[in-house]
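**Student:** Okay, here's the prediction I keep looking at, along with the sequence it came from:
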Amino acid sequence: MFEKSLYDLIRGLRNHKGNEREYIQNSLKECRAEVRSQDMDIKATALLKLVYLEMVGHDMSWASFHVLEVMSSQKPHQKRVGYLAAVQSFRPDTEVLMLATNLLKKDLASPHPTTICLPMATLPHIITPSLALSTLSDLLPRLSHSHPNIRKKVIVTLYRLALVYPEALRAAWPRIKERLMDKDEDPSVTAAIVNVVCELGWRRPHDFLPLAPRLFELLVDGGNNWMAIKLIKLFAVLTPLEPRLVRKLLPPLTSLIRTTPAMSLLYECINGIIQGGILGSADDGSEEIATLCVSKLRGMIMIDGDPNLKYVALLAFNKIVVTHPFLVAQQEDVILECIDSPDITIRTKALDLVRGMVSPDNLVTIVSRLMKQLRTSAPSRDGRHVGTPLGAESESDSDDDARVRINPRAKEKDKAPPLPDDYRIEVIGRILDMCSQNNYGNLEDFNWYIDVLTQLVRMAPAPRVLGNELESTVSYGVSSAGDISEKIGDELRNVAVKVRAMRPSVVRAADLILSQLNADTSAGHSIGSASVKSIAWLLGEYPSLIGLPDDTLSTLLQTLPRINAPEALVTCLQAVVKIFAFIAGNDRQLWTPAWKSRISLLMARIIDVLEPLALHPNLEVQERAVEFVELLKLTAEAVSGQPASTDDAEQDPPLLLIQAIPSLFQGWELNSVAPAAQRNVIMPNGLDLDEPIHPNLNALLADTDTLHLNTDEMNDFEVFYHQRPAPASISSSEPAIMRLGEPSEELVSSYQEASEDAYLDPDIVARRKAERMERNRDDPFYIGGRLNNAPRTSTPIHNILQQENGPGLDIDSIPIMQLDLGKLGTSAPSPASPVSTQRPTPRPRQRLVVAADENLVGSGGSTPRNYESENNSDSFTKSRSKKLKQGLLQVDSSHIGSFSLEGDSAAGGAVASHPYDYERQQREEAEMAQAMKEVEKLRLEMQRANERVQVAQGVDAEGTVVKKKAKKKKQQPGPAVGGEERVVKKKKKNKVEGDAADGGGNGEMEGQSPGEPVAVPKKTKKKKKTPVEPPVEPGAEDTATAEQ
């Protein structure tokens, strides 16, 4: 019978295109019959074909016993096929694996190197703890094999055994260490040992510190780039444990960085220097090596056509910027070029780096570059459909709108392709972080920042709504990943709260943004920008700073029906009433018929807008709408009942209008609070948050379900909630909203000329230009163009030329003015130039004060750590612990970290009973630190108690004699005692002076009377002395006894 070979199988599979399944099934039937053959060649060929089909996706675990038979063949080519099939099909839970143990041991003891290599190549794929224990004794002697290839494979196999059976590593470590220390060992074996040591080093670096001298020799004299990379990674783990290695490693690493042409070795040298903490050390050479690393990384970024080098260079820059931000900031040009890279991953890493290198000098440049990128790659806004449709009528003309919205100029050559929304959100978030970090410490021009925020609101991508329209209306979270426009609005609010001088500018910008959102959103769509919440809060909190409150209130009333987010609705409701309270609460306004009619119409319009919100599905919106509607109805009744002023009698406005409603929103000014301030509030002793508010709360809630109202009350309820009453303040039946004119829309002028700033809209640029020209109009040092063809203001030089020369200009008649640099600070005019007294004084630059966040005293900072380098032991351990459980070999090796290499069989139990556990050591160190604090606290308490005892006995803590007032009072009655008192006083005074000269205390104790002389110590060298009792004269001892 003619059997097909592997090549025939592959050729037939290619010839049966479209019918592969049937051909494979026929081939499997043939292989099933062939593996049962007694001919070992046929069996091996069938296994080879099954291995190929298994790689295609067809299981061959049913042939495991036949694989074992081929493995036991004496012919090398058949044995190799059997081991290949075992690698491909055997698993640790294969039943016939226990039958292969003796076969593996036999082949490991074979005298032929080719036969020994087969089980060593198979063991890493099928290893189990029991199999490792059985084969360990056969692998260890092979570490002394004469063939270096065998020794190399044994070392790698032992590492794989140690992952599932750590005792194998303990038994093999002395021989592996001997091979490493042997300078005559083959380089391939040494490289294999270095790989194993590097893999074990980051798990237990303490065990490999004694190998540092040998590893350093290999690094210097090895000549193998890949081994040098492994050694550098190992030294990066060892240097935090042994700081003296830093000084030793600097020369060879510096030499490698300067001389190596291999980019991989160059990057690993730089990465090892960063992770090893060499850049952050206090060594003198750290600045030099940091400069060298930065220059090499700059060269890696500037290499065109290799995005991988740019990516790893940015990774290294992100680590260097923590210790040397000034060096990274010098590479601003190449880093900003990476922001415009077509690779989105490089752009993201460049964004991470830019945030760390920002400073007051380059903030405007970096933000302008990012803003320009957002503007050039922004999608077209011609459609004006910003938000979600409000009704079905907005979807009927989709085809017509699609034709209208086609922009023939969309495919401009200078238009960059649109960026993904996630990246745009990331860029905007980084801009906000860079400008607001350190409490706006890097920001010098807040007007520029406000204009940037205004532009960001326009360029922010629309939020992605989750769920249907009802869910997005009821729930607060309407955005999938957090709406970035809400953060922009919060930044505007923070600037207004913290920088008092910028509040008018912020309120003006908020008014402009609200008008722009209404203009950009079509009539049938809702406003999707979440910045409306903060914008409405600003307008309601600072209504006195609004230029035209009536127009702003009209815009808010138009915005309310087009908002879906309940949080924004609540804030807008509050803002509407606040602005109305500011307009109507003007007590200097006369109560004329015109003013009364205006207020009545304004209240009627507000009530008409707020009444539909009383049926809103959100409870808070419904509650506030009902409250404000009822309040305004009461006010409307009061206004209609209050007659207007006439020429004969002057009337006052209703107190409910000018006092009651404004007083609801007058109180303490709101300041910014630190994020962690609430956690620092100490909970009162008697407060139990788990205790129910009411003991019978469930019963009260159950009673509300069975509550029955009377018929009249039910009718009132139905009338209030389901029937709209007639307006109380308007006599006509026509709604007041119908008699109001349409709000006049401001025409936004267009600018055809190209703007100087490429990242701001033309209206913002024009306003900034007008403000700048107005600011520099009277500045004699500013030479600007004409504004609106107005004549330029005359300058002193212009006046001199006109007075002396007339219309014609005579160069020789130009007066020469003497400039005295030493008198620049003085304002006294020179007698030779009387015209200089007319020079206007330049306005000083406005100094802005940024308020800090309010926090509890002693609460500490609340800002989390921005960056955790890989050199940090905590982050290093956490990042490594995630990789311990499942590595590339799909083996749980987490127990290697608690395994010690030292210790033999006699001490193995002791070592195993006390393994090195990093987490346990951290807990023990924390417990020890806590215990030391308690011991120190007890020691201080005992010391203070001892001082109180000594003071009570008349001796202070330093041993100075102090006289007590009580002794003086007891000696006053008798004259003899008084005389004795004077003698004792004189002697004690000398002793006090003598003790003070020896370094005693010089403070006045509370037992000393104010009239007594105080001993002043001399400034001599202090000596430590133990507190002793003062010497007492023979006559004074009886006196002291009598006093007691």
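**Tutor:** It's in. Residues are numbered from 1 along each chain as shown.
**Student:** ok, Met120 touching Asp107?
**Tutor:** No. Counting by Cβ atoms under 8 Å, Met120 stays clear of Asp107, with 9.1 Å between them. For the C-beta atoms, the positions are set from N, CA and C on the backbone; glycine is no exception.
**Student:** who touches the helix or strand hosting Leu250?
**Tutor:** Assigned by DSSP states H and E, Leu250 belongs to helix 244-259. For helix 244-259, contacts defined as Cβ atoms under 8 Å, 6 or more residues apart in numbering pick out 212, 216, 219-220, 228, 232, 235, 238-239, 265-266, 269-270, 272-273, 276-278, 281, 283, 285, 288-289, 292-293, 296.
**Student:** next SSE after that helix?
**Tutor:** That would be, after helix 244-259 and using DSSP H and E, helix 263-275.
**Student:** Buried residues of that following helix, list them for me.
**Tutor:** For helix 263-275, a neighbour-count test (16 or more other Cβ atoms under 10 Å) marks Met263, Leu265, Leu266, Tyr267, Glu268, Cys269, Ile270, Asn271, Gly272, Ile273, Ile274, Gln275 as buried.
**Student:** how far away is the third one from Glu691?
**Tutor:** Relative to Glu691, Leu266 is positioned 65 Å away (Cβ to Cβ, to the nearest Å).
**Student:** and if you look at the fifth one?
**Tutor:** Taking Cβ to Cβ as the criterion, Glu268 is separated from Glu691 by 60 Å.
**Student:** isn't Glu30 right next to Lys4, touching?
**Tutor:** Yes. Counting by Cβ under 8 Å, Glu30 touches Lys4, with 7.1 Å between them.
**Student:** Among those two, which residue is more densely surrounded?
**Tutor:** Higher neighbour count among Glu30 and Lys4: Lys4, with 17 against 14, using other Cβ atoms under 10 Å.
**Student:** Let me know the pLDDT of the more buried one.
**Tutor:** Lys4 carries a pLDDT value of 82.
**Student:** same deal with Val197?
**Tutor:** 90.
**Student:** which residues sit in contact with it?
**Tutor:** Val197 touches Leu180, Phe208, Leu211, Leu215, Leu234, counting by Cβ under 8 Å, 6+ apart.
**Student:** least confident pick among the residues you listed?
**Tutor:** Phe208 (87).
**Student:** got the contact list for the residue lying closest to that residue once chain neighbours are set aside?
**Tutor:** In space, not counting the residues next to it along the chain, Phe208 is nearest to Gly201; the distance is 5.2 Å by Cβ to Cβ, 6 or more residues apart in numbering. Applying Cβ under 8 Å, 6+ apart to Gly201 gives the contacts Phe208, Lys233, Leu234, Val237, Leu238.
**Student:** So the second one sits against Cys198, correct?
**Tutor:** Yes. With contact defined as Cβ under 8 Å, Lys233 and Cys198 form a contacting pair (5.8 Å).
**Student:** before we move on, the earlier item: can the contacts of Val197 go into CSV with extra columns for neighbour count, secondary structure and distance to Asn855?
**Tutor:** Formatted as CSV, the contacts of Val197 follow (neighbours: other Cβ atoms under 10 Å; DSSP: H, G, I helix; E, B strand; the rest coil; distance: Cβ to Cβ, whole Å):
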residue, neighbour count, secondary structure, distance to Asn855
Leu180, 21, helix, 56
Phe208, 20, helix, 46
Leu211, 19, helix, 50
Leu215, 23, helix, 49
Leu234, 25, helix, 45
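**Student:** Tell me how many other residues crowd Tyr52.
**Tutor:** 18.
**Student:** ok, and what's touching the helix or strand hosting it?
**Tutor:** Tyr52 belongs to helix 40-56 when assigned by DSSP H and E. Around helix 40-56, the neighbours that count as contacts under Cβ under 8 Å, 6+ apart are 3-6, 9-10, 24, 27-28, 30-31, 34-35, 37, 60, 63, 66-67, 69-70, 73, 75, 77-78, 81-82, 84-85, 88-89.
**Student:** and if we set it to 7 Å?
**Tutor:** Helix 40-56 has contacts (Cβ atoms under 7 Å, 6 or more residues apart in numbering) with 3, 5-6, 9, 24, 27-28, 31, 34-35, 37, 60, 63, 66-67, 69-70, 73, 78, 81-82, 84-85, 88-89.
**Student:** and what of stretch 505-517?
**Tutor:** So stretch 505-517 is contacted by 447, 450, 454, 457-458, 492, 495-496, 527, 529, 531-532, 535, 538-539, 542, 545-547, 552, 555, 559 (Cβ under 7 Å, 6+ apart).
**Student:** What separation do you get for Leu670 and Leu118?
**Tutor:** In terms of Cβ to Cβ, Leu670 sits 78 Å off from Leu118.
**Student:** Which of the two has more residues huddled nearby?
**Tutor:** Using other Cβ under 10 Å as the criterion, Leu670 and Leu118 rank with Leu118 on top: 23 against 10.
**Student:** My reading is that that one is in a helix; is that accurate?
**Tutor:** Yes. Counting by DSSP: H, G, I helix; E, B strand; the rest coil, Leu118 is located in a helix.
**Student:** and the nearest residue to it once chain neighbours are set aside, how many residues sit next to it?
**Tutor:** Among residues not flanking Leu118 along the chain, Tyr83 sits closest, at 4.6 Å (Cβ to Cβ, 6+ apart). For Tyr83, the neighbour count with other Cβ under 10 Å is 24.
**Student:** quick one: contacts for Tyr83?
**Tutor:** Contacts of Tyr83 by Cβ under 7 Å, 6+ apart are Met71, Leu118, Ala121, Thr122.
**Student:** at 8 Å what do you get?
**Tutor:** Applying Cβ under 8 Å, 6+ apart, we find Tyr83 in contact with Met71, Leu118, Pro119, Ala121, Thr122.
**Student:** Buried residues of the helix or strand encompassing it, list them for me.
**Tutor:** Assigned by DSSP H and E, Tyr83 belongs to helix 76-89. Neighbour counts over helix 76-89 (16+ other Cβ under 10 Å) mark Gln78, Lys79, Arg80, Val81, Gly82, Tyr83, Leu84, Ala85, Ala86, Val87, Gln88, Ser89 as buried.
**Student:** And the fourth one, how far from Lys43?
**Tutor:** It refers to Val81. 9 Å.
**Student:** Overlap in contacts, those two.
**Tutor:** In contact with both Val81 and Lys43: Val70, using Cβ under 8 Å, 6+ apart.
**Student:** What about Glu669, how many residues nearby?
**Tutor:** Glu669: 7 neighbours (other Cβ under 10 Å).
**Student:** swap that for Pro561, please
**Tutor:** The number of residues near Pro561, taken as other Cβ under 10 Å, comes to 13.
**Student:** same question, Ile428
**Tutor:** Ile428, neighbours per other Cβ under 10 Å, totals 22.
**Student:** Which element, helix or strand, includes it?
**Tutor:** Per DSSP H and E: helix 421-440 holds Ile428.
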